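**Student:** Sequence first, then the predicted structure:
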Amino acid sequence: MRLASYQPDIAPNLGSMIRLCACFGVSLDIIEPCGFPLSLKALRRSAMDYADIVDMVRHDSWESFQADRKSGRLILLTTKADEVLWDFKFKDTDTLVMGRESAGVPTEVHNACDAHIKLPMFGKARSLNVAMTAGMAISEALKQTR
């Protein structure tokens, strides 16, 4: 199981995803460019020392991520999906893809993903924090596959 963060905009959110991956034994792909200088200093407050214990790979671009990745499905978490997280059947080789906080992912990335899922939200709510969404999705995926 892997988590991929596509061009993250907010360092504390990426830091939270680093901690999430470290705590659950999930590998993390960071697809650059980021909306902030990617350094341990930028992540220190939220990632603390977890960056040292997570299997984390930085990719210069979407293209390099695609070229480097192993087999398995790409599962995009998006508000534009029809399928709900809890109805989706995960595999232990899946990579869950999280988009940018400000803009999600471009059409090219959306189309490259094998499945698109969403978290259902109540009323007029539009979206959850990207790190919180990643946590719920990873938890459900691990529940199904372990």
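**Tutor:** Looks like it arrived, so ask away. Numbering: from 1, shown residues only.

**Student:** Return the helix or strand in this protein with minimum mean pLDDT.
**Tutor:** Here the helix or strand of the chain ranked lowest by mean pLDDT, DSSP states H and E is helix 40-47, holding a mean of 66.

**Student:** Now the longest helix seen in the chain: buried residues?
**Tutor:** Longest helix in the chain, counting residues (DSSP state H): helix 130-145. Of all the residues in helix 130-145, those buried under the rule 16 or more other Cβ atoms under 10 Å are 130, 131, 133, 134, 135, 137, 138, 140, 141. Heads up, the C-betas are built off the backbone N, CA and C, glycines and all.

**Student:** residues in contact with the most centrally placed residue in the chain?
**Tutor:** The residue lying closest to the centre of the chain (Cα atoms, centre = their mean) is residue 98, at 3.5 Å. Going by Cβ atoms under 8 Å, 6 or more residues apart in numbering, residue 98 touches 3, 4, 5, 6, 8, 17, 77, 130, 133, 134.

**Student:** out of these, which is most surrounded?
**Tutor:** residue 17 (29 neighbours; other Cβ atoms under 10 Å).
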